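**Student:** Structural data only, the sequence is not supplied:
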C-alpha cells in the first residue's frame, strides 16, 4: 500500500478574513505569514530525501503556489482534489454560515445547502485515497485544501465524511493519511 502524504495550502487573504473559499481561485498571502514560514521550514525538513511516485495538486492556484514553495513547480493537477463546493456560501464568512445554520457545520455538515452533496464529496475523496492505497511503491504527495483533508482523514478512519470536522488541518500542515486496518477479533 502506497502512502498518501498531504500538505494543505498556505494561508490566503480569505483564510485570514474567515471567508469560505471552496472553488474560488484565491492566491496565497503575499508575503506569507510567519506561521506559513514556520510550516514551510518544518515541511521541507520532513520532505528532505523523500522520493514520491507522483506529486498532485488541486487545479486551484493556492495549492499550486504552495507546491512551488516546497520545490515542486511542476505537478499534476487533479479535479478530484478540488475543495468542497460551498456553493452560495463561497465568499461569505464562517460567522455568517454559523449564524444562518447554528451548529450544522460541526454536527451535520451534510445537511447544509452547499454547491456539492456530501455523498459526491465523500465519493471523490474516497476514490482518490483508494487510487493511492491500491498502489505499491513510493508515496504520493498531494497539495490540497482543508475540508478535503478533513474528509480524507474521516474516510481513512472508517467513518462518514459528515464527521470530518472532528479533524482540523491548519494551513501548511503536512499529514500522512493512512487507511484504517481492521483488526481481527479472536474468540
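**Tutor:** The structure has been received and is ready for your questions. Treat the numbers as computed from the prediction; the structure is a model and nothing was measured.
**Student:** mind checking the SS state of the closest residue to residue 11 other than its chain neighbours?
**Tutor:** Excluding the flanking residues, the one nearest residue 11 by C-beta to C-beta, 6 or more residues apart in numbering is residue 171, at 4.4 Å. For every residue, glycine as well, the C-beta is placed using N, CA and C. For residue 171, the assignment made with DSSP: H, G, I helix; E, B strand; the rest coil gives coil.
**Student:** Show the pLDDT at residue 171.
**Tutor:** Looking at residue 171, its pLDDT is 98.
**Student:** From residue 16, how far off is it?
**Tutor:** Here residue 171 is placed at a distance of 10 Å from residue 16 (C-beta to C-beta, to the nearest Å).
**Student:** out of those two, which sits in the more crowded spot?
**Tutor:** Neighbour totals were compared for residue 171 and residue 16, and residue 171 leads with 23 against 11 (other C-beta atoms under 10 Å).
**Student:** low-scoring stretches of the chain, by residue?
**Tutor:** Along the chain, segments meeting pLDDT under 70 span 181-187.
**Student:** Straight-line length of stretch 109-118, end to end?
**Tutor:** Stretch 109-118 has an end-to-end distance of 8 Å (C-alpha to C-alpha, to the nearest Å).
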